[in-house]
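Visitor: Predicted model and sequence follow; I will ask about them next.
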Amino acid sequence: MNRIITLIGILMFCGEAFAQKVYVWDPQPEVPVQRSLFTSSDTVDIIIFDGRSIPKKSNNKFTSEELIEVINNNIKEAYEGAVFNHLDKNEYYKEVKNKHVTIKIGISGYHAGFGRDIGVAIGNVGGKFMTSFIGEGKWNSITSFYVKVYDFRDNNSIVEEQEIISLEERPNLGGYSTARKALRSTYNQSMNKLFSFIDSVLMK
């Protein structure tokens with residue numbers, strides 16, 4: 001019996017020691033180009049839901065709350081003039097009934113990992129992200145969103161959705177520094193794609 005207990009303990013330790021892990025650092029956002037698509041009479045509701053599944057053993061240097069705050073602030077910087085309401089994440093799956101603009105952002109990825117480890121933290125927030133194309137033997141960094149924009153102003157009924165993915169593979173030349181730089185790069189790429197998508201919906 002003691003041998004069995006010891007063997008189970010060893011297996012559990014090995015599982016923990018070799019468990020897949022991912023890495024998360026602060027994004028260092030670029031200053032966005034300001035848009036003039038809103039007036040002071042416009043109201044914009046922003047709902048951000050973090051659907052990532054970050055393993056417990058991961059090296060997480062930037063919390064979910066911090067990431068959501070940075071994304072919120074980036075959007076406010078890009079779209080001047082409007083009144084922004086940052087709603088609770090529990091509103092993400094609820095029906096939109098207001099008569100203004102609502103932007104829902106589901107975070108399915110913001111992390112780095114070595115090889116296919118990156119796939120363990122991808123969240124299911126909509127879209128059909130596939131991990132089959134992720135390369136082995138390199139650092140992989142990703143920022144991915146599932147976005148829905150509702151424009152119900154002036155009796156409009158515009159609803160558009162889009163999956164936004166930025167992925168970078170880099171050789172392991174600089175260790176964690178390589179992964180961190182790539183992650184920050186994917187964040188700015190995805191935010192620029194997000195702004196372009198929001199622009200396209202609001203200008204319809």
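Guide: Perfect, I can see it now.

Visitor: Would you point out which residue is most central in the chain?
Guide: By CA atoms, centre = their mean, the chain has its centre lying nearest to I107, at 3.2 Å.

Visitor: which intervals of the protein have sub-threshold pLDDT?
Guide: Within the chain, the ranges that satisfy pLDDT under 70 run 1-19, 127-135.

Visitor: Okay, and D45 sits in which element?
Guide: strand 43-50 (DSSP states H and E).

Visitor: What is that strand packed up against?
Guide: Using 3 or more CB pairs under 8 Å, 6 or more residues apart in numbering; DSSP states H and E, the elements in contact with strand 43-50 are helix 64-78, strand 83-87, strand 101-114. In this view, the C-beta of every residue, glycine as well, is placed from N, C-alpha and C.

Visitor: Okay, S190 and A182: tell me how far apart.
Guide: Using CB to CB, to the nearest Å, S190 is found at 13 Å from A182.

Visitor: in the lengthiest helix in the chain, what counts as buried?
Guide: The residue-count maximum for a helix in the chain (DSSP state H) belongs to helix 176-202. Judged by neighbour count using 16 or more other CB atoms under 10 Å, the buried positions of helix 176-202 are 178-195, 197-198, 201-202.

Visitor: Could I get the buried residue list for stretch 162-171?
Guide: The neighbour-count check on stretch 162-171 (16+ other CB under 10 Å) flags Q162, E163, I164, I165, S166, L167, E168, E169, R170 as buried.

Visitor: residues touching F84, list them.
Guide: Each residue near F84 by CB atoms under 8 Å, 6 or more residues apart in numbering is listed here: T43, V44, D45, I46, N72, I75, K76.

Visitor: Cool, thanks, signing off.
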